[in-house]
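J.: following is a predicted model, sequence given first.
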Amino acid sequence: MTTRPALHRRLTVRVVFFLTLALLPLGAIGILINQQLYEETRENAEQSLLALTEQAVSGESNLIVQTFGAAATLGDVISGFGDDIEGCRNLVREFMEQNARYQFAGFIDVDGLSRCSSASSEIDFGGPELEALLADPKSTVTVSSEGQVSAQNVLIVTQPRFQSGNLMGFASISLELDAVGAAFDFLGDAAPLALMTVNASGELLSTEQDRGTAEQYLPTDFLLDEMARNWTSTFVAVGANGETYLYSVVPIRPNVIYALGVWPESMNAGRPTGPLLNATLPLLMWVASLLVAWFVIDRFVLRGIRLLNSDMKRFATKRALPDDARSKASSDEFERLQGQFRTMAEDILLDQAELENRVHEKSILLKEVHHRVKNNLQIVSSIMNMQIRKATADETRVALRQIQDRIMGLSSVHRTLYQSENLNQVDASELIERLIEQTLTIGSARGIDRRVRTQLDSVILYPDQAVPLAMLVSEVLTNAMKYADSDEPDVEIVLSMEEDRLASLVISNSRSLSDPTDPAAGSDLGQQLIQAFAIQLGGRLETDSNGERYIMRTTFQVEDFSKDAIDY
């Protein structure tokens, strides 16, 4: 089963990545251009709204600026009278007669007393407001619901007077508050929802509506004093009545008094919503390009690859040739590619069929060879059996029988090979079972009856190890059958497969305690053969005799197949 490739190795991801790199400069240029357009549009929209606000507040602005100018002039004139208080008051009264819209005019000394004013007597203006002005002398505009002199709603303009760097006092002029809101707008006829003036402390001063209605339009998310100190030209906020409005701030006298215009939110509909909008068009272009690239790659590239991959899987698992109708559904290039794959698959099938035929022929020949070798070895065994019957000396018969047993062991190997499906592999457990069967048959014919217990794992060997293993088992088994205890004849064979392709063979037999002969593989020749077979097997031979049983143990590494047979 094939695993899916890593994300960064997929064709679609790579194409998307490089396409993104190609579009990145264009996107950056688009964002910069859109940002410039946004800034210009925003600035133009702000300037238009501020111009409308200036038109709407032109009357109030003109009146307040004139009042500041009058206060500055009045302060300069009053300071020239010195101690002539009566002459100063006559001048102020004459000033008031010429400017009927003013409710009060006068000069306040630093001690809080206004000796020269439009009032008929001296007035004390001392208090926290005066102390604040003395601590920070500056131009101010405040509102009073009940003026100290006029007892009316008034707008109070205060202008400090300095001489040689020293504070001399404050010129103060009061305007009727309703007159400020009703001032004629000479620049145009703009009509905001509400128009107000606020001072630098955030105090609501004048409004064209009644004060209660105007307060419903004040923004709740902005503090008026902060807005006045760090004023924003335009902003959108929620009013006290819960509605959303567009606000504009125009300085009438910077750091002193500002005009606040309230406009419908609909006037903000044509304005850009923010920098995020600048990236929308490049982002849409990028997404559209990726979708087109994905469609093209999937339809004209990946689809053909998937069809070819599917045909290759079907051929690999089922040896099925690709369908011609499927190849015609893709592009011309993939159609040619699939045609070449079909031709290659047909050649592979032909070559595979020829190879299988040759392998089959080779298998038949090898089986025939092993069968003939086995038959020849059996013929040799039969001839030796005839020699055994004619032999008169016991030693000759014993030697011939030992040779005959070894020949039959080789015969068992060849019989196992030609009876197995794979001629290059032998199951050691089946080989040992046949050797046991053969040994028991021979022993029964010779009057030897033994009980053999087996515990055999399936261990697959190649012929280079199967031959010495068969000879080793045959030799040891023959000796075990010969020297086992006659009272309790017991032979046990254990073949196990351990870790790291290590196989373990253990053969043990019961031993007669009354027999002083040590059955350590029988004769000297038998010992030499067993040792030689263990070396050919690539194992280490160990023997143990605990008095009751004789044990032979060998451990060997299961080798891989070798093309060249081992020359022993």
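T.: Arrived safely, thanks for sending.
J.: gap between whichever strand or helix holds residue 251 and the chain center?
T.: Using DSSP states H and E, residue 251 sits in strand 244-253. On the basis of CA atoms, centre = their mean, to the nearest Å, strand 244-253 sits 48 Å off its chain's mean C-alpha point.
J.: same deal with stretch 178-197?
T.: The answer for stretch 178-197 is 60 Å, by CA atoms, centre = their mean.
J.: residues in contact with that stretch: which ones?
T.: Counting contacts by CB atoms under 8 Å, 6 or more residues apart in numbering, the residues outside stretch 178-197 that touch it are 52-60, 62-64, 101, 141, 153, 155, 204-209, 213-214, 217-218, 245, 252, 257-264. C-beta: built from backbone N, CA, C; applies to glycine.
J.: ok, 7 Å please
T.: Stretch 178-197 has contacts (CB atoms under 7 Å, 6 or more residues apart in numbering) with 52-60, 62-63, 101, 153, 155, 204-209, 214, 217, 245, 252, 257-264.
J.: of those residues, which belong to strands?
T.: Residues of the contacts of stretch 178-197 located in strands (DSSP state E): 155, 204-207, 245, 252, 257-264.
J.: now those residues: which count as buried?
T.: The neighbour-count test (16 or more other CB atoms under 10 Å) applied to the ones in strands among the contacts of stretch 178-197 identifies 155, 204-207, 245, 252, 257-263 as buried.
J.: kindly reformat those residues as CSV and extend each row with pLDDT and distance to residue 353.
T.: Formatted as CSV, those follow (pLDDT from 0 to 100; distance: CB to CB, whole Å):
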residue, pLDDT, distance to residue 353
155, 89, 111
204, 85, 102
205, 86, 105
206, 85, 106
207, 86, 103
245, 90, 88
252, 86, 102
257, 88, 104
258, 89, 98
259, 88, 99
260, 88, 96
261, 89, 94
262, 90, 93
263, 89, 90
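J.: can you list those in a markdown table and add distance to residue 441?
T.: Conversion of those to a markdown table gives the following (distance: CB to CB, whole Å):
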| residue | distance to residue 441 |
| --- | --- |
| 155 | 135 |
| 204 | 125 |
| 205 | 129 |
| 206 | 131 |
| 207 | 128 |
| 245 | 114 |
| 252 | 129 |
| 257 | 129 |
| 258 | 123 |
| 259 | 125 |
| 260 | 121 |
| 261 | 121 |
| 262 | 119 |
| 263 | 117 |
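J.: please identify which of these is nearest to residue 463.
T.: residue 245 (99.6 Å; CB to CB).
J.: what bridges to that closest one?
T.: The partner list for residue 245 in beta bridges (DSSP bridges) reads residue 237, residue 264.
J.: separation between it and residue 234?
T.: 11 Å (CB to CB, to the nearest Å).
J.: just residue 308 next, same as before
T.: Distance from residue 308 to residue 234, by CB to CB: 63 Å.
J.: and those two? Which one has more around it.
T.: residue 234 (21 against 18; other CB atoms under 10 Å).
J.: angles on the backbone of the residue of the chain most remote from its centre, please.
T.: Outermost residue of the chain with respect to the C-alpha centroid, by CA atoms, centre = their mean, is residue 392; its distance is 91.1 Å. The phi and psi values for residue 392, taken as degrees, to the nearest 10, are phi -100, psi -30.
J.: just residue 552 next, same as before
T.: Dihedral angles for residue 552 - degrees, to the nearest 10 - are phi -120, psi 130.
J.: help me confirm that residue 540 comes into contact with residue 555.
T.: Yes: under the criterion of CB atoms under 7 Å, residue 540 makes contact with residue 555 at 5.9 Å.
J.: more neighbours, those two?
T.: residue 555 (18 against 11).
J.: okay, and residue 431 sits in which element?
T.: Judged by DSSP H and E, residue 431 forms part of helix 428-445.
J.: which strands or helices does the very next helix or strand once past that helix pack on?
T.: Next helix or strand after helix 428-445 toward the C-terminus (DSSP H and E): strand 451-456. In terms of contacts (3 or more CB pairs under 7 Å, 6 or more residues apart in numbering; DSSP states H and E), strand 451-456 is packed against helix 428-445, strand 490-497.
J.: other residues contacting the longest one?
T.: Applying CB under 7 Å, 6+ apart, the set of residues contacting helix 428-445 from outside is 405, 408-409, 412-413, 416, 450, 452, 454, 456-459, 461, 466, 469-470, 473-474, 477-478, 481, 493, 495.
J.: just the ones in strands from those residues, please.
T.: 452, 454, 456, 461, 493, 495.
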